[in-house]
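coords please:
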Amino acid sequence: MTNDAEAELPVRMQLDAYNARDIEAFMRCWADDCECREFPDTLLARGAAEVRRRHVARFQEPHLFGELLARFSVGNLVVDRERVTRSFPDGPGEVEVIAIYQVEGSKILRAWFKSGPRLS
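Numbering: from 1, shown residues only. Next comes the predicted model:
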């Protein structure tokens, strides 16, 4: 059984790697059979290779940064509220994102993301 602190560690590490655009450190936080979904159930990526491919492209964005606003956890579920700066076709902008991570064996097994409207 994963406790709150154990579950939060790979989530914290993957956000740090995301902001550093370090794909190797980022992928060390994800299980081989991981899944990313747009909330509630639209598949974005299945398996580490697809998650890697998706983020290699994302890490090319010059304005990319995820600011953690809040983190909550219960057992093996971690919920982050973030303000994410992205490079949109018309320039940089921000969106708020809720990310829900299911952690198993010190790796992120599943993640669900819900983005709000563009803020700027």
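
Now do the strands in the chain.
30-38, 42-46, 65-74, 77-88, 91-104, 107-118 (DSSP state E).

Residues touching the fourth one, excluding its own?
What that stands for is strand 77-88. 7-8, 11, 15, 61-73, 92-103, 115, 118-119 (C-beta atoms under 8 Å, 6 or more residues apart in numbering). Bear in mind the C-beta positions are built from the backbone N, C-alpha and C, glycine included.

again with the last one
By C-beta under 8 Å, 6+ apart, the surrounding residues in contact with strand 107-118 are 10-11, 14, 29-31, 33-40, 44, 84, 88, 93-103.

Relative to Lys114, how far out is the most far-flung residue of the chain relative to its centre?
What lies farthest from the middle of the chain is Asp90; by C-alpha atoms, centre = their mean that is 23.6 Å. Between Asp90 and Lys114 the computed distance is 23 Å (C-beta to C-beta, to the nearest Å).

Run through this structure and note the low-pLDDT ranges.
1-2 (pLDDT under 70).
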